[in-house]
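Asks: Quick one, fold the following:
(one chain, ligands or ions: 3)
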Amino acid sequence: YHMKVSDEDVALLLACPSSHNISDLSDLTFSPRSLPHEEMACYTLLMFEDLGLHVLFNIKRETLARFILFVKKGYRDTPYHNWRHAFCTVHFAFLLIKNLDLVKHEYITPLECLAFMVSCACHDLDHRGTTNSFQTQSGTVLANLYSSDGSVMERHHFAQAVCMLNTQGCNILDGIPREQYTKCLDLIRDLILATDLATHFTVFKEQQKLLVEFQKHKEDQRRLLLCLFMTACDLSDQTKDWSVARQTANLIYKEFFTQGDMEKTMGSSPSESMDRDRAYIPTLQIQFLDNIVIPLYGLISQLFPEAECLVEACKLNREGWTVADTLFSAQWDRGGYELLSDP
Ligand SMILES: Cc1nc2ccc(C(=O)N[C@]34C[C@H]5C[C@H](C[C@H](C5)C3)C4)cc2n2c(-c3ccccc3Cl)nnc12
Ligand SMILES: [Mg+2]
Ligand SMILES: [Zn+2]
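Replies: Numbers count the residues shown, from 1 in each chain. Ligands and ions are numbered 1, 2, ... in the order given. Okay, the predicted model is just below:
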């Protein structure tokens, strides 16, 4: 089955006028969520073209446009894991490539650059707003397909990406020689699998050791760096200002709590983070920032000093949650939870 992308949709996208020119989007502090939803496909096309990928890998503009529209339609309307999140992820990859000059300084090859951008666009395709453990525990179709290998959702996202590339008129890689095509697909697989945070947890120590004396001519080291970058793109809302970080947390816990409600009706008890009656968001977010987010961007800024501002932004957001915590608990003493309605 495929949601049809019409030729006029493609023509519309190809003719898309963009109010901002691409340079406005190139600053590390720019928040992609400030862009109108209906312009995101257009900016995705402009970012690919700005990197010259269509020239390097002779990708027909129409094929790229159709691919982007299919990917956009491949996302469901969940509170957080939707096309807007995918766009933000692609945009952050674009920011890293431009601001750290990744290709020019040969930290990544042009092919790795293409795989990086495509992986970000596809990394959460057909997400249902539920976690890997939910798939396994409730024995979903996806769990039956992939749970023996782990990273259930990420394997599904990759399978969906392959499906997109095999769709008539969408294969942006069909202009690439055979062995590069295979290498690119292999890389896209590794990069999408790298967005499983449970795997990131274990790989991160290896990345810390390795990236201190990074050797960019070694393919396996560039792959490790790209996996680190995938997590950085996936969590990039944390590098924006407080209003973005707070709103993103709200969307994520909306998904988490819906899952927790489902788990309760299914008779299994949800973990604390998924349980709206037990979860306390400020503490959970401070833990998430301390354990995963700040170490992640900290390692990147060790390698790329120009990324220092990203760590600062995350630390500011951590401050935001300590203030929210004080407010939450102060209101809690005064009048209880109903006072904490989201402004
Ligand atoms: C703001 C924010 N908070 C988040 C709080 C928690 C978690 C989360 O999965 N925690 C873990 C904590 C341990 C070790 C692993 C596996 C499980 C046990 C569950 C991860 C994710 C969060 N997250 C994401 C995000 C990134 C990738 C996939 C899914 C999501 Cl939701 N993107 N933004 C956020
Ligand atoms: Mg994901
Ligand atoms: Zn994601």
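
Asks: where in the stretch 201-343 of the chain is pLDDT low?
Replies: 331-343 (pLDDT under 70).

Asks: give me that answer again for 80
Replies: Flagging of the stretch 201-343 of the chain using pLDDT under 80 yields the residue ranges 210-212, 328-343.

Asks: Can you name the residue of it nearest to ligand 1?
Replies: Closest residue of the stretch 201-343 of the chain to ligand 1, C-beta to the nearest ligand atom: Phe288 (4.3 Å). Every residue, glycine included, has its C-beta placed from N, CA and C.

Asks: Could you report the distance from that residue to Leu95?
Replies: 21 Å (C-beta to C-beta, to the nearest Å).

Asks: again with Gln135
Replies: Distance of Gln135 to Leu95, computed by C-beta to C-beta: 31 Å.

Asks: and the two? which has more neighbours close in?
Replies: Using other C-beta atoms under 10 Å, the more surrounded residue of Gln135 and Leu95 is Leu95, with 24 against 21.

Asks: was I right about the more buried one contacting Leu28?
Replies: Yes. Assessed by C-beta atoms under 8 Å, Leu95 is found in contact with Leu28 at 5.5 Å.

Asks: Three-state assignment for whatever residue of the stretch 1-150 of the chain ends up closest to ligand 2, please.
Replies: Using C-beta to the ion, Asp124 is the residue of the stretch 1-150 of the chain that sits closest to ligand 2, at 4.4 Å. Of the three states, Asp124 takes coil under DSSP: H, G, I helix; E, B strand; the rest coil.

Asks: Could you pull up the contacting residues of it?
Replies: 75, 81, 85-86, 89, 153, 157, 195 (C-beta atoms under 8 Å, 6 or more residues apart in numbering).

Asks: Out of the residues you listed, which end up buried?
Replies: 75, 81, 85-86, 89, 153, 157, 195 (16 or more other C-beta atoms under 10 Å).

Asks: a markdown table for the residues you listed, including secondary structure?
Replies: Output for those, formatted as a markdown table (three-state DSSP):
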| residue | secondary structure |
| --- | --- |
| Tyr75 | coil |
| His81 | coil |
| His85 | helix |
| Ala86 | helix |
| Thr89 | helix |
| Met153 | helix |
| His157 | helix |
| Thr195 | coil |
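
Asks: Could you export those residues as CSV, including distance to Val5 and pLDDT?
Replies: Shown next, in CSV, are those (distance: C-beta to C-beta, whole Å; pLDDT from 0 to 100):
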residue, distance to Val5, pLDDT
Tyr75, 13, 98
His81, 21, 98
His85, 20, 99
Ala86, 16, 99
Thr89, 21, 99
Met153, 24, 98
His157, 19, 98
Thr195, 25, 98
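
Asks: filter the residues you listed down to the ones close to ligand 2.
Replies: Counting by C-beta under 5 Å from the ion, Thr195 from those sit close to ligand 2.

Asks: For Leu284, state which of the buried ones among the contacts of Asp124 is nearest.
Replies: Of all these, Leu284 sits closest to His81, with 17.9 Å by C-beta to C-beta.

Asks: Next one: that closest one from Thr258, what distance?
Replies: 12 Å.

Asks: Equivalent analysis for Gln287, please.
Replies: 21 Å.

Asks: quick one, which of these two is more surrounded?
Replies: Legend: neighbour count by other C-beta under 10 Å for Gln287 and Thr258, higher for Thr258 (16 against 12).

Asks: what's the nearest residue to that one if we skip its chain neighbours?
Replies: Leaving aside its sequence neighbours, Thr258 sits nearest to Gly129 (C-beta to C-beta, 6 or more residues apart in numbering; 6.6 Å).

Asks: give the contact list for that neighbour.
Replies: With contact taken as C-beta under 8 Å, 6+ apart, Gly129 is in contact with 76, 78-81, 255, 258-259.

Asks: Derive a ChimeraX selection command for the buried subset of the residues you listed.
Replies: Buried residues among those (16+ other C-beta under 10 Å), as a ChimeraX selection:
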select :78,79,80,81,255,258,259
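
Asks: Farthest pair within the contacts of Gly129?
Replies: Largest pairwise distance in those, by C-beta to C-beta, is 14.2 Å, between Arg76 and Gln259.

Asks: Pass me the low-pLDDT residue ranges in the stretch 51-200 of the chain, would you?
Replies: If you take pLDDT under 80 as the line, the stretch 51-200 of the chain has no such spans.

Asks: for ligand 2, what are the nearby residues on it?
Replies: Contact residues, the stretch 51-200 of the chain versus ligand 2 (C-beta under 5 Å from the ion): 124, 195.

Asks: now the strands for the stretch 51-200 of the chain?
Replies: Using DSSP state E, counting those that start in this stretch, the stretch 51-200 of the chain contains no strands.

Asks: picking that back up, tell me which entries of the contacts of Gly129 lie within helices.
Replies: The helices, defined by DSSP state H, take in 255, 258-259 from these.

Asks: Which single one of the contacts of Gly129 is nearest to ligand 3?
Replies: The shortest gap between ligand 3 and any of the contacts of Gly129 belongs to His81, at 6.2 Å (C-beta to the ion).

Asks: is it true that that closest one touches Leu125?
Replies: No. The criterion here is C-beta under 8 Å, and His81 misses it with Leu125 at 9.7 Å.

Asks: No further questions, thank you.
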